[in-house]
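> Provided below are the primary sequence and the corresponding predicted coordinates.
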Amino acid sequence: MLQQQIFTTLPVKLAPSLPLQEDFVYHWKAITHYYIETSDDKAPVTDTNIPSHLEQMLDILVQEENERESGETGPCMEYLLHHKILETLYTLGKADCPPGMKQQVLTFYTKLLGRIRQPLLPHINVHKPVQKLIRLCGEVLAAPTENEEIQFLCIVCAKLKQDPYLVNFFLENKLKALASNESASVITEDMVKRQDTLVTDTGQSFQPEQIASAAGAEHIEKEDDLSMSLDELNVTSSPEASAVRPNQDYNLVNSLLNLTKSPDGRIAVKACEGLMLLVSLPEPAAAKCLTQSTCLCELLTDRLTTLYKALPQSVDPLDLESVEAINWGLDSYSHKEDASAFPGKRALISFLSWFDYCDQLIKEAQKTTAVAMARSVREQFFVGVMEPQLMQTSEMGILTSTALLHRIVRQVTSDVLLQEMVSFILGGHREPETLTDINRHPLRHRLIEHCDHISDEISIMTLRMFEHLLQKPNEHILYNLVLRNLEERNYTEYKPPCQDDKDVVENGQIAGAVDLEEDPLFTDLSPDNTLSNPEWLSASPPISPEHPKNDGKTEVHKIVNSFLCLVPEEAKSSYHVEGTGYDTYLRDAHRQFRDYCAICLRWEWPGSPKSLEKCNLEASFFEGHFLKILFDRMGRILDQPYDVNLQVTSVLSKLSLFPHPHIHEYLLDPYVNLASGCRSLFSVIVRVVGDLMVRIQRIPDFTPKLLLVRKRLLGLEPEGPIIDHMTLLEGVIVLEEFCKELAAIAFVKYHASVTP
């Protein structure tokens, strides 16, 4: 009975493994015998049984793994590792003998790494031949094996993403790699000599020289270092970059870089995806090697430069804005199918697509890699290519380059690249500005000057660029443009309350003002016409330890009335037109302020102004170059084109929304005691209103004309005969709307600060 049990159980345990191993060895011998027996080494590999045998070997390895416990290496896999089968296949693939063998070897490697679950790359007899095969990829563009090459490289990248520490196996010493290449045939011969199973069934010895000669191993290349990749990429590395490069190669990156230049768009996108995986690996050694020993940074900037220079000399800003959001890898474009095509659209999409790739690559990259790539983009592309275009004197050139800069500012999402872009545009200065040093950063100075350019198109485009720049999550932008000049609050003059002030402000009202609840302009605030107070106030940004309530604020109704009463009654036209009430600004201000609070939360701004006792009020005040231009523009609102006025007031309203106490005080508090010679936004508007009151007297039928212009702007009246003083009338309408917008912003900000 015991004997019967042994004989019945023994085959169950031993039978599955022995036949699999014998079958595996049989298929491998069939491949090696081909090189012994064949006399025609020019017949394509598809005319042989080699592809079938390789596929059978893969199936056996997968079956063996499925039949064994997880992590256990079976005899077939042991055989593959011990006898260095991958090394032999690499040699045969490198020589491409028979023709098409390289394709078969790449496919075998790809499927082996993809279908076997147990980790193979840690084995020296796996990662060494994988490393060598990587060097063969991307050698020739548009090669017949490109598809197999990129599939192989991507599966290696995916494995490294799963186990990042494995990337250290792929950081090669250049001298060792060169020696390895030079002795590749010798290594292969030694390896084959040790394969005692490679003996024919008739007892005939299998000579390694036969494989070596049949495979053309004597043609193995003797040079495989970074200079080759540089030549293939047509990249001229800077002397500084060459000087710091250590004797280390990252051939996986080099091969992917080569394939990004493939004329086949699918191959290029796959290569970009592989690079995206590699730059995100957290291993410091890999990050250092990637930035110092590969051409990655040069590739990014050189292609940006090439695509930028391929753009037309002049692009209509409206055409540029009409191009929808671009995602890299999805820039397929058909000129024939595009109803809104314009000259240069294909080139523009290619440029924006590659910029998006650079942005996403830097966003995903390990920190040191991201910094190195972003710095390279700044130095080689922003400074080297874009700055001369932005600094030129040709109006068409300025408009096109500014429109492109605006588009890039809108598109960038990487914090690291944004930081470099901000540094490029604004510089790194954080001390208060003076009139004598406003040109310390030439590009910043030029761009701000362009906000008041003789060309209205250039002014509008530059203002739009700054408007979008201000909305980016980078603290330095607002600090450099505005806050550094308000830190000491030296725009104020400390003056204790006196009786004169009480005469001006009686019971919380300024002269001629009515209470908020009684003002007909505020009827839209009733629950019947708009959001109820509890509903929208409860959604306001909550009070926090960083932003406590400021008990010293002027009461909100005084501030609101101050702005709403600035424009004289005879110059108001909004209450004659339905749908232009104050409530629309309240909704927008509430939503925008909430968004701005979310952006600024991590900047740890104070909740109340800096104490005057700690401020240097004796220092002379200069609002800064940016606010100076905006205030100058605001002062000319009655004499500027409508579109310019809309853009100027839009930038000022965005600035007013920032939840910083000094910005709020300087831009939104009409009751701040201004120091001698200083101006604020409110004081600038007061001067404009004074000028308006004088000019109204000279225009007959002013109010009817004003109402007609408003209705035309809203599309409620058809265009008719030209109205005299059109620019002034349009300016008055913008002024009235801007005052309502400022009142709404002040109202929302106040309630946000006092609502628990």
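Looks like it arrived, so ask away.

> doesn't residue 110 lie inside a strand?
No: according to DSSP: H, G, I helix; E, B strand; the rest coil, residue 110 belongs to no strand; its state is helix.

> residues contacting it?
148, 151, 152, 155 (C-beta atoms under 8 Å, 6 or more residues apart in numbering). To be clear about C-beta, it is placed using only N, CA and C from the backbone, and glycine gets the same treatment.

> any idea how far residue 98 lies from residue 44?
From residue 98 across to residue 44, the span is 6 Å (C-beta to C-beta, to the nearest Å).

> between those two, which is the more surrounded one?
Taking neighbours as other C-beta atoms under 10 Å, residue 98 and residue 44 compare with residue 98 leading, 23 against 10.

> now do the contacts for that one.
Residues near residue 98 by C-beta under 8 Å, 6+ apart: 38, 41, 42, 43, 44, 45, 47, 48, 50.

> tell me the two of those residues that are most distant?
42 and 50 (14.4 Å; C-beta to C-beta).

> more crowded one of these two?
Ranked by neighbour count (other C-beta under 10 Å), residue 42 and residue 50 place residue 50 first, with 22 against 7.

> any idea which element the residue nearest to that one when sequence neighbours are not counted lies in?
Counting by C-beta to C-beta, 6 or more residues apart in numbering, residue 50 lies nearest to residue 31, which is 5.6 Å off, once chain neighbours are set aside. Here residue 31, judged by DSSP states H and E, is contained in helix 17-37.

> which other residues reach the helix or strand that that helix is followed by?
Using DSSP H and E, the helix or strand that follows helix 17-37 in sequence is helix 50-67. The contact list for helix 50-67, computed with C-beta under 8 Å, 6+ apart, reads 16-17, 20, 23-24, 27-28, 30-31, 34, 45, 74-77, 80, 98, 101, 104, 107-108, 111-112, 115-118.

> change it to 6 Å
Helix 50-67 is contacted by residues 16, 20, 23-24, 27, 30-31, 74, 76, 104, 108, 111, 115 when judged by C-beta atoms under 6 Å, 6 or more residues apart in numbering.

> give me the distance between residue 276 and residue 286.
Taking C-beta to C-beta as the measure, residue 276 falls 14 Å from residue 286.

> quick one: which of these two has more around it?
residue 286 (25 against 20).

> list the contacts for the more buried one?
Counting by C-beta under 6 Å, 6+ apart, residue 286 has contacts residue 167.

> where's it, which helix or strand?
Counting by DSSP H and E, the element that carries residue 286 is helix 284-292.

> between the helix or strand just after that helix and helix 284-292, how many degrees?
Note on helix 284-292: by DSSP H and E, the next helix or strand toward the C-terminus is helix 296-309. Angle between the axes of helix 296-309 and helix 284-292 is 40 degrees (criterion: axes from the mean of the first three to the mean of the last three C-alpha atoms, to 10 degrees).

> show residues contacting helix 296-309.
235, 237, 257, 350-351, 354, 358, 373, 376-377, 380-381, 385.

> so what's residue 126 closest to, chain neighbours aside?
Excluding the flanking residues, the one nearest residue 126 by C-beta to C-beta, 6+ apart is residue 120, at 4.6 Å.

> that should have said residue 605, apologies.
Per C-beta to C-beta, 6+ apart, closest to residue 605 is residue 660, 5.1 Å.

> next one: phi and psi at the one you found?
With angles defined as degrees, to the nearest 10, residue 660 sits at phi -110, psi 130.

> that one - how many residues pack around it?
Neighbours of residue 660 under the rule other C-beta under 10 Å: 23.

> so it makes contact with residue 607?
No: with contacts defined as C-beta atoms under 6 Å, residue 660 does not count as touching residue 607, sitting 9.8 Å away.

> hang on, isn't residue 400 packed against residue 314?
Yes: at 5.2 Å, residue 400 and residue 314 qualify as touching, with contact defined as C-beta under 6 Å.

> and the pLDDT for the nearest residue to residue 696 once chain neighbours are set aside?
Distance criterion C-beta to C-beta, 6+ apart; nearest residue to residue 696, sequence neighbours excluded, is residue 702 at 5.3 Å. Reported pLDDT at residue 702 in the predicted model: 93.

> what about residue 702, how many neighbours?
Residues lying near residue 702 (other C-beta under 10 Å) number 18.

> what distance do you get for it to residue 572?
Note on residue 702: its distance to residue 572, by C-beta to C-beta, is 11 Å.

> try residue 385
In terms of C-beta to C-beta, residue 385 sits 50 Å off from residue 572.

> repeat for residue 281
Per C-beta to C-beta, residue 281 is found 63 Å from residue 572.
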